[in-house]
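Enquirer: I'd like to go over a predicted model; first the sequence, then the structure.
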Amino acid sequence: MKLVALLVFASLISACAEVKPWQRDKLAKPEMTFNNDALGEQLDKQVYNSKEAAHGGGSVSGGGCGCN
Amino acid sequence: MKKNLRPSNLALLTASALALPAISQHLSAAGPTTTSKIKMHVGSYQEEDIQEEKTLSANRGRYDVDIGQFYLLTPAGESGEFTLNLAYEKMSGASPWFTLPGLDGEAVQIMSGATIADQRTDTALSYKHFWESFALQFNTGLSDEDDYRAKNLGISLHQELNNGLTEVALAFAYSRDKLRPSDSEQFLDRVESADKYLQEFGATLTQVINTSTIVQTSLNYETQWGFLSDPYKVVFVGNKILPDTRPDTRYALSWTTDMRHYVDAANAAVKVKYRWFSDSWGVNSHTLDLQWHQNLPRDWAIIPSLRIYSQSQANFFDNTFTESTTDTFHSNDYRLSAYGARSIGLEVRKKLGNYALGLSYKKYRSAAEYSFSESPTEAPGLVDFSLLTLKLEMEFL
Amino acid sequence: MGSPCEFQLYCHSQREFDQCCLAAENEVIRLEKKYSRYLNNSVTAEINSAANNGGSITLDEETSAIIDFADQCYQLSDGLFDLSSGYFRNLWNFKSRTVPSSAKIMEALAFVGWSKVTWNRPTLTFNQRGMELDFGGCVKEYAVDAATSLLKTMDISSGIIDLGGDIAAIGPHPDGAPWLIGIRHPRKKDDPVAMIPLASGALTSSGDYERYFIEDGHRYCHIINPATGMPANQCQSVSVMADQAIIAGAASTIAFLMGPQKGQSWLEEMGLSYLMIDSKGNIDR
């Protein structure tokens, strides 16, 4: 699983195209940005972290909850 | 059609001029936000009653939480932006206390007797300062509930490369939590107060792949130390009742990759996110998040999503422990068992000028059989839940 | 572009200057080709093919944003800023110098009017056959803004761009002094009527001296009122200053069409600085 993900990732990076600034319109769409639903993801994070052993990944922002 | 001309007409025109791609490119290079945003979400989280065969407790109800969230993003001077995050949760219900061997050999979960009612408020502030291609962000936060208080601090550095096509970021966060479990006088072995510390390092790479695709990958290393056990849970070791006891250190490494791709033909954006996690307690997990953001006419959007999660069991987990166990650590907390979870979600959004409304529903199911582990020990306390959220968002100059 | 274009930039080296000019030039050429009235494979040609047949066309992100802007201008100008006035190209021919008859004008008006077009982003539908869109009123100014924006991302902070009279300052001279732009006198080519300091933002002009012919003592210029089909003749020139050239360009055209009184009050309500020379040669700013 890890190897597959690594291969996919490596092939994506190597396929990078030259993107001119005026071609970034699609990437600027809200649904294409990583912080679009920050609030929703924050709640999801809280909900999942309080019942799953795995946590974190993505932005490092600290924050605690009573979820020992 | 005569329109009443006001100075804000220039603002309208400016907004549509700035929406032109070749003009806004200058803004799309990293810079502080130019508009202010406010978001308010209210949510209702409800856990499914524990199944009859999984418990001996008469009351099978579990946790319900009402949630309110507030978010504000605003420019701060020419080169900065300020974010405020507030969350309020009102929690009530019963939660798992301990497990016992059941009559037919299958373990059963005993729930906490009294209904726990608690509130939690969470405040987080952050400030991000931008230079030409470099940015620095400071975060601080406080989470407060009756029996728990957590404070955190964080800093992150962001550097743009390749004309803004690449960004590398380094982040560090530190958190200190103080536990003061309630009713510690009533339960002799319940700790009165304890501290827990967390330190996290993260490195993130964001790369534009082509005009429709962008990828973000990060590696996070986290260390926890202090009191890491659950003060409310007890474990039967043979005939003895012992408190839930976990190691006082925990090291975890996670690798997350998030990809967004715009599908021109469908006018939709697809999100694929995968996280690999492994820690020193023996837990390995995989998480896959999929989302399809479908744009519809008249500013509507429909967003179905799917999440698949699997974790392996912690070294010191079991439903029941025999007397002969000489291990120091033991826990029957279902959250450390081998299991998997599937959740499906659907959100509907509508944009009305500077406002946006959203309604989102998510249903989560967990089971030992969903885990990728071979022959997992099913913890009877595994939980299913549903989450309904109503969102109101606005953007203004 | 059919008119002289000039970049004046302050750069750290000749190499940087060459790179910047090349990049800016390429961007201007890109837009010129994309929206060219004359090339068969331009977006304008594709749109007008659909316009001619009374059909629909799905537009790309950039063109959609231009249509959004033009639509916004149409709303704010009571219909005076209208992309569909491209049709008048068939009616008013500045080479043959003939004034069309009122009958011909009435006929032409049937094919003009943004209200005959349905815009449901990203689809443009023409409810009337035989229409024609012309992006001349915004693409040149958009190119100025695009080049300005591009040069800013290339770290240029002092410079000025002039595309045939549509001007934008990237930033003042390194010592802080603004660029001085001469506003052309409508009747005396080499005698500027005013020198306007420009440190940042854009300055564009609409005038009756750019393309015109005189017949019977009357001057007929290229800026046509979409409601009447006749060239506007109440102003000699209007110059407007705004943060973006595309806004200044649309505003100067709109004010020109509105005439001295209505135009000036419209510009004042918009909060834009201007210099207007009416048909008698009186100057207002």
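Expert: It's in. Numbering: from 1, shown residues only, chains lettered A, B, ... in the order given.

Enquirer: hey, let's count contacts and neighbours off CA atoms from now on
Expert: Fine.

Enquirer: which of the three states applies to residue 16?
Expert: No chain specified, so I'll use chain A. coil (DSSP: H, G, I helix; E, B strand; the rest coil).

Enquirer: actually, chain C is the one I wanted.
Expert: On the basis of three-state DSSP, C:Glu16 is classed as helix.

Enquirer: got phi/psi on B:Asp279?
Expert: Per-residue torsions, B:Asp279: phi -130, psi 170 (degrees, to the nearest 10).

Enquirer: and it, how far from chain A?
Expert: When distance is defined by Cα to the nearest Cα, to the nearest Å, B:Asp279 is 8 Å away from chain A.

Enquirer: and the helices in the stretch 1-150 of chain C, which stretches?
Expert: For the stretch 1-150 of chain C, the helices defined by DSSP state H, counting those that start in this stretch occupy C:14-34, C:43-53, C:61-76, C:102-109, C:139-153.

Enquirer: mind listing residues that contact the longest one?
Expert: Spelled out, it's helix C:14-34. Helix C:14-34 has contacts (Cα atoms under 8 Å, 6 or more residues apart in numbering or on different chains) with C:1, C:7, C:9-11, C:39, C:42-44, C:139-140, C:143-144, C:146-148, C:150-151, C:154.

Enquirer: mind running it again at 10 Å?
Expert: By Cα atoms under 10 Å, 6 or more residues apart in numbering or on different chains, the surrounding residues in contact with helix C:14-34 are A:22, B:22, C:1, C:5-11, C:13, C:35-36, C:39, C:41-45, C:63, C:136, C:139-140, C:142-152, C:154-156, C:161, C:163.

Enquirer: what helix or strand does C:Val240 sit in?
Expert: Assigned by DSSP states H and E, C:Val240 belongs to strand C:235-242.

Enquirer: for that strand, which strands pair with it and how are they oriented?
Expert: Within its sheet, strand C:235-242 is paired with strand C:201-207 (antiparallel), strand C:273-278 (antiparallel), according to DSSP bridges.

Enquirer: give me the buried positions along the shortest one.
Expert: Buried residues in strand C:273-278, counting neighbours by 16 or more other Cα atoms under 10 Å in any protein chain shown, are found at C:Tyr274, C:Leu275, C:Met276, C:Ile277, C:Asp278.

Enquirer: contact partners for the nearest residue to the fourth one once chain neighbours are set aside?
Expert: In other words, C:Ile277. Of all residues not flanking C:Ile277 in the chain, C:Ile283 sits nearest, at 4.6 Å (Cα to Cα, 6 or more residues apart in numbering or on different chains). Going by Cα under 10 Å, 6+ apart, C:Ile283 touches C:Val193, C:Gln236, C:Ser237, C:Val238, C:Pro260, C:Leu275, C:Met276, C:Ile277.

Enquirer: residue numbers of chain C in contact with chain A?
Expert: Within chain C, the positions lying close to chain A (Cα under 10 Å from any Cα of the partner chain) are C:Glu27, C:Glu61, C:Glu62, C:Ala146, C:Ser149, C:Leu150, C:Thr153.

Enquirer: does any bit of whatever helix or strand B:Phe236 lives in sit next to chain A?
Expert: If you go by DSSP H and E, B:Phe236 is part of strand B:234-237. No: judged by Cα under 10 Å from any Cα, strand B:234-237 stays clear of chain A, getting no closer than 13.3 Å.

Enquirer: what mean pLDDT would you report for that strand?
Expert: In this model, strand B:234-237 has an average pLDDT of 84.

Enquirer: packing partners of it?
Expert: Applying 3 or more Cα pairs under 10 Å, 6 or more residues apart in numbering or on different chains; DSSP states H and E, we find strand B:234-237 packed against strand B:96-100, strand B:240-243.

Enquirer: how about a cut-off of 6 Å?
Expert: strand B:240-243 (3 or more Cα pairs under 6 Å, 6 or more residues apart in numbering or on different chains; DSSP states H and E).

Enquirer: after the strand it packs on, next one along is what?
Expert: strand B:249-263.

Enquirer: quick one: contacts of that following strand?
Expert: Contact with strand B:249-263 is made by A:32, A:57, B:212-225, B:268-280, as judged by Cα atoms under 6 Å, 6 or more residues apart in numbering or on different chains.

Enquirer: for stretch B:166-181, same thing?
Expert: With Cα under 6 Å, 6+ apart, stretch B:166-181 has contacts from A:61-62, B:147-161, B:192-207.

Enquirer: tell me how far the residue of the stretch 151-285 of chain C found nearest chain A lies from A:Ala17.
Expert: Per Cα to the nearest Cα, C:Thr153 is where the stretch 151-285 of chain C lies closest to chain A, at 8.8 Å. Using Cα to Cα, to the nearest Å, C:Thr153 is found at 19 Å from A:Ala17.

Enquirer: okay, these two: which has more neighbours?
Expert: Comparing C:Thr153 with A:Ala17 by other Cα atoms under 10 Å in any protein chain shown, the one with more neighbours is C:Thr153, at 19 against 12.

Enquirer: so where is the chain shaky, pLDDT-wise?
Expert: Chain wasn't specified; assuming chain A. Within chain A, the stretches with pLDDT under 70 are A:1-2, A:4-6, A:8-15, A:21-23, A:25, A:58-68.

Enquirer: nope, chain C
Expert: Chain C contains residues with pLDDT under 70 at C:1-3, C:155, C:281-282.

Enquirer: quick one, what contacts whichever residue of it sits closest to chain A?
Expert: Closest contact between chain C and chain A, by Cα to the nearest Cα, is at C:Glu61 (7.2 Å). If a contact means Cα under 6 Å, 6+ apart, then C:Glu61 has no contacts.

Enquirer: distance of it relative to C:Thr153?
Expert: Per Cα to Cα, C:Glu61 is found 21 Å from C:Thr153.

Enquirer: mind telling me the two of the residues of chain C next to chain A farthest from one another?
Expert: Farthest-apart pair in the residues of chain C next to chain A is C:Glu61 and C:Thr153; separation 21.0 Å (Cα to Cα).

Enquirer: run a quick neighbour tally on the residue in the stretch 151-285 of chain C that chain B sits nearest to.
Expert: The nearest approach of the stretch 151-285 of chain C to chain B comes at C:Met270, 5.3 Å away (Cα to the nearest Cα). By the measure other Cα under 10 Å, the count of residues near C:Met270 is 19.

Enquirer: phi, psi of it?
Expert: Residue torsions, per degrees, to the nearest 10, at C:Met270 are phi -80, psi -20.
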